[in-house]
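J.: Next input, structure requested:
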Amino acid sequence: MRVRYFLLLITVLTLSCQKDNPPAPLMLEKIYINSDEIDPNGGTVADVTLAPIIRLVFSAAINAESLTNGVLLLNNNQPVAVNTSLASEDKTINLIPQDKLETFTTYTLQITNELSSKAGSNFDAFEVTFKTVAGTLQLESLIINESDISKLDIVPNVPLTLELEMNFTEPVKRSSLESAVSLNGLNVPALSYAYANNDQTITLTADASLSYLSKYAFKISRNLESIDGANFEGFSNQLFTVLDSTYKFPEISDEELLTLVQKQTFKYFWDFGHPVSGLSRERNTSGHTVASGASGFGLMTIPVGIERGFVTRTEGVERLATMINFLGDKAERFHGAWSHWLHGETGAAKPFSQKDDGGDLVETSFVAMGLMTVRQYLDENTPSEKTLIDKINTILDGIEWDWYRQGDQNVLYWHWSPNYGWEKNMKIRGWNEALITYFMAATSSTHGIPKEVYDGGWKTGNFLNGQEYYGITLPLGHDYGGPLFFEQYTFLGLNPHNLVGDEGENYWEQAVNHTLINREHCVRNPKGYVGYSKDCWGLTASDGYEGYSAHSPTNDRGVITPTAALSSFPFTPVESMEALKHFYYRLGDRLWGPYGFYDAFCIQDEWYATSNIGIDQGPIVIMIENHRTGLLWDLFMSAPEVQSAMSLLGFTN
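T.: Numbering: from 1, shown residues only. Okay, here's the model as predicted:
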């Protein structure tokens, strides 16, 4: 009985204590908006993001059922849909708006007295205001010719009469737009603006025509603002105007155009030939530096100049005599081979590169081809010309092709130097421009090579191919064929028509298909270079905006070199004529100079060479003539040594 009375007493005392000690009040300890702690008494909070995460940290665990009416987010006293959850032992309320908030808008976070703790305590009402950031003003579209170009870094074919429509996500502040927009380039006209769609659509119009085939940098700076102060991240791209298809020179017949190109290009070798040696300068800025290979090509242009009436036969033979005598008597030679570069006045070898200060057998073969060609042109019944014929024979007999086997190896070596010996160690292997090197070595009766050298040297490199590129089969050589000079240099003299090697390789098919692959690459333009087309094609070694390079489909830098297409006339007469007309009539005000076409150009980088390079100029004159009359082919192929070499190497035609 006493125990029951004792338990009752304990219960009464406990209830009495609870009445005297109510639950602790519910207190808000911290407020976070995103990762920033907010001062509850600091006034309106500025620059809140449009998708904030709000965390309310309390002193006690929250009654989950009180959240619905206990925490509200208001906009103009209207509730905003939010998701709420509890964390950290239910002492933290996470509140996230269900939709992105409006820009530059004031919101009220209200904690009502209906919020309670699990222990039953209610919260004293409290509110805090915050203002969202202005947001991001975005460019929705940029329209030229009904096409959206806002996602393009490079925009080709922009009309010369520029009209450009900008569409933004918010109305823009007019004063900020017109100071933020810029167009930089050649002869930029004044710009006019027309506003529509509550200032979200703006049409920009140039007050005068832009320059043709030119690059303009279009930019909208970050200074642009919306009417509500929204910020813009900035935008820029490059606009390339269309080609002005009007002819820059009076139209003439195709035959007259071919003659004009040959005559103007011939002037490089005639008017600009070195005054002492008559040899061809490396380029139009080379001073006394002449190039042996370019001089070999220069020799071959003189029969063209005589036959076309650019110079008289007497003048032509006199120039030949100057060149031939200099090559034979004054030009420094290394076991009969000339160096790549010579001093045009003294004949001394000039280093072409490190350890390349001696004989260059490939460049020598171009000279030998030129000498043999003009020898066949000269008249042995005319005493002065017979003297030159004898001189040429002496020079050719003195080229020690077999020395460049480096100890009777079955391969020819490109270089030998009296200072560095064979240290360059470059074997001549196919396929490249050097087939003529092995062929000329095979013509020699004094220092010739056996077929084993041709087989063991030339045909052991990247020789056979047989793959298709752009649906065109390439019999020989590197993927996609390499630069076009690979086909052109050898076949300046050696006629590839019906020319078949001892493994059945068809050299005419090789030359034609390599050229077509090169052109098709430019037509398809996989890298998207501005200016490439079926009329504007041709990748080969030349100057470029980054310096000299062997341009090709696998080394495509956006540089078109006129000699590539023009020296392909025998192989692609229709396509080459299209390119010639494009270069002359449409681009002639930028490409045509005192010695014919300048070396190269890159429309995308607004780069146009002012250079002429002898080894690029020569094939233009020669190959156009081979296309028209076959003159150089007929001369070279008429040499008895050529026929002997054909037999030795197993060629048939």
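J.: Please make it C-alpha for all contacts and neighbour counts, starting now.
T.: OK.
J.: my guess is Cys522 contacts Gly531, does it?
T.: No - judged on C-alpha atoms under 8 Å, Cys522 makes no contact with Gly531 at a distance of 9.4 Å.
J.: more crowded one of these two?
T.: Counted by other C-alpha atoms under 10 Å, Cys522 and Gly531 do not tie: Cys522 has more neighbours, with 27 against 24.
J.: Which residues are in contact with the more buried one?
T.: 532-534, 536-538 (C-alpha atoms under 8 Å, 6 or more residues apart in numbering).
J.: Buried ones from those, can you make that a PyMOL selection?
T.: To isolate the buried members of the contacts of Cys522 in PyMOL, using 16 or more other C-alpha atoms under 10 Å:
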select buried, resi 532+533+534+536+537+538
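J.: contact partners of stretch 498-513?
T.: Applying C-alpha under 8 Å, 6+ apart, the contact partners of stretch 498-513 are 472-476, 487-488, 496-497, 571-572, 649-653.
J.: Neighbour-wise, give me the winner out of those residues.
T.: Glu487 (27 neighbours).
J.: contacting residues for that one?
T.: Counted by C-alpha under 8 Å, 6+ apart, Glu487 has contacts 432-433, 511, 514.
J.: list the contacts for Thr460?
T.: For Thr460, the contact set (C-alpha under 8 Å, 6+ apart) comprises 429-430.
J.: What does it show for phi and psi?
T.: phi -110, psi 0 (degrees, to the nearest 10).
J.: Check which helix or strand the nearest residue to His497 once chain neighbours are set aside maps to.
T.: Excluding the flanking residues, the one nearest His497 by C-alpha to C-alpha, 6 or more residues apart in numbering is Trp508, at 5.3 Å. Assigned by DSSP states H and E, Trp508 falls within helix 507-524.
J.: which parts of that helix are buried?
T.: For helix 507-524, the neighbour count (16+ other C-alpha under 10 Å) marks 507-523 as buried.
J.: next structured bit after the helix or strand bottoming out on mean pLDDT in the chain?
T.: Within the chain, no helix or strand scores below helix 2-20, which has a mean of 44 by mean pLDDT, DSSP states H and E. Under the assignment DSSP H and E, the closest C-terminal helix or strand after helix 2-20 is strand 28-33.
J.: Show me where the stretch 301-450 of the chain has its strands.
T.: 333-334, 337-338, 341-343, 349-350, 359-360, 415-416 (DSSP state E, counting those that start in this stretch).
J.: which residue sits closest to the residue most central in space within the chain, ignoring its sequence neighbours?
T.: With distances taken as C-alpha atoms, centre = their mean, Arg557 lies nearest the centre of the chain, 3.1 Å away. Distances taken as C-alpha to C-alpha, 6+ apart put His551 closest to Arg557, at 7.0 Å, once the chain neighbours are dropped.
J.: The one you found and Val133: what is the separation?
T.: Using C-alpha to C-alpha, to the nearest Å, His551 is found at 52 Å from Val133.
J.: does Val453 sit in a helix or strand, and which one?
T.: helix 451-456.
J.: Please identify the buried residues of that helix?
T.: Buried residues in helix 451-456, defined by neighbour count with 16+ other C-alpha under 10 Å: 451, 453-454.
J.: Flag every buried residue along the helix or strand just after that helix.
T.: Going down the chain from helix 451-456, the next helix or strand is strand 464-469, by DSSP H and E. For strand 464-469, the neighbour count (16+ other C-alpha under 10 Å) marks 464-465, 469 as buried.
J.: Could you do stretch 399-413 as well?
T.: Applying 16+ other C-alpha under 10 Å to stretch 399-413 flags 399-406, 410-413 as buried.
J.: And Ile143, its phi and psi?
T.: phi -110, psi 130.
J.: pLDDT wise, what is the residue lying closest to it once chain neighbours are set aside at?
T.: By the measure of C-alpha to C-alpha, 6+ apart, the closest residue to Ile143 outside its immediate chain neighbours is Glu165, 4.9 Å from it. In this model, Glu165 is scored at 98, pLDDT.
J.: and Glu165, what are its bridge partners?
T.: Beta-bridge partners recorded for Glu165 (DSSP bridges): Ile143, Thr203.
J.: show me the contacts for it.
T.: 141-144, 201-204.
J.: My guess is Gln398 contacts Gly336. True?
T.: One thing to correct before we go on: residue 398 is Gly, not Gln. Yes - using C-alpha under 8 Å, Gly398 is in contact with Gly336, at 5.2 Å.
J.: could you measure the residue nearest to Tyr438 when sequence neighbours are not counted against Asn410, distance?
T.: Using C-alpha to C-alpha, 6+ apart and skipping residues adjacent in sequence, the residue nearest Tyr438 is Tyr454, 6.3 Å away. The spacing between Tyr454 and Asn410, counted by C-alpha to C-alpha, is 7 Å.
J.: what ranges do the strands span in the stretch 51-200 of the chain?
T.: 54-58, 71-75, 78-79, 82-87, 92-97, 106-111, 126-132, 136-137, 139-144, 147-148, 154-158, 163-168, 181-184, 191-196.
J.: Tell me what angle the fourth one forms with strand 54-58.
T.: With axes from the mean of the first three to the mean of the last three C-alpha atoms, to 10 degrees as the criterion, the two stretches strand 82-87 and strand 54-58 enclose an angle of 40 degrees.
J.: what's the answer for the longest one, then?
T.: Counting by the same axes, to 10 degrees, strand 126-132 points 160 degrees away from the direction of strand 54-58.
J.: which secondary structure elements does strand 126-132 contact?
T.: strand 45-48, strand 106-111 (3 or more C-alpha pairs under 8 Å, 6 or more residues apart in numbering; DSSP states H and E).
J.: neighbouring strands for the longest one, and are they parallel or not?
T.: When you say that, I think you mean strand 106-111. In the sheet, strand 106-111 lines up against strand 71-75 (antiparallel), strand 126-132 (antiparallel) (DSSP bridges).
J.: Identify the residues contacting that strand?
T.: 70-76, 123, 125-132.
J.: do stretch 305-316 as well
T.: Identification of contacts with stretch 305-316 by C-alpha under 8 Å, 6+ apart yields 259, 263, 266, 302-303.
J.: quick one: which of those is nearest Met577?
T.: Thr259 (12.7 Å; C-alpha to C-alpha).
J.: For that closest one, which non-adjacent residue is closest in space?
T.: Arg308 (7.9 Å).
J.: what's the burial count for that neighbour?
T.: Arg308: 14 neighbours (other C-alpha under 10 Å).
J.: for the one 5 residues further on, same thing?
T.: When counting by other C-alpha under 10 Å, one arrives at 16 neighbours for Arg313.
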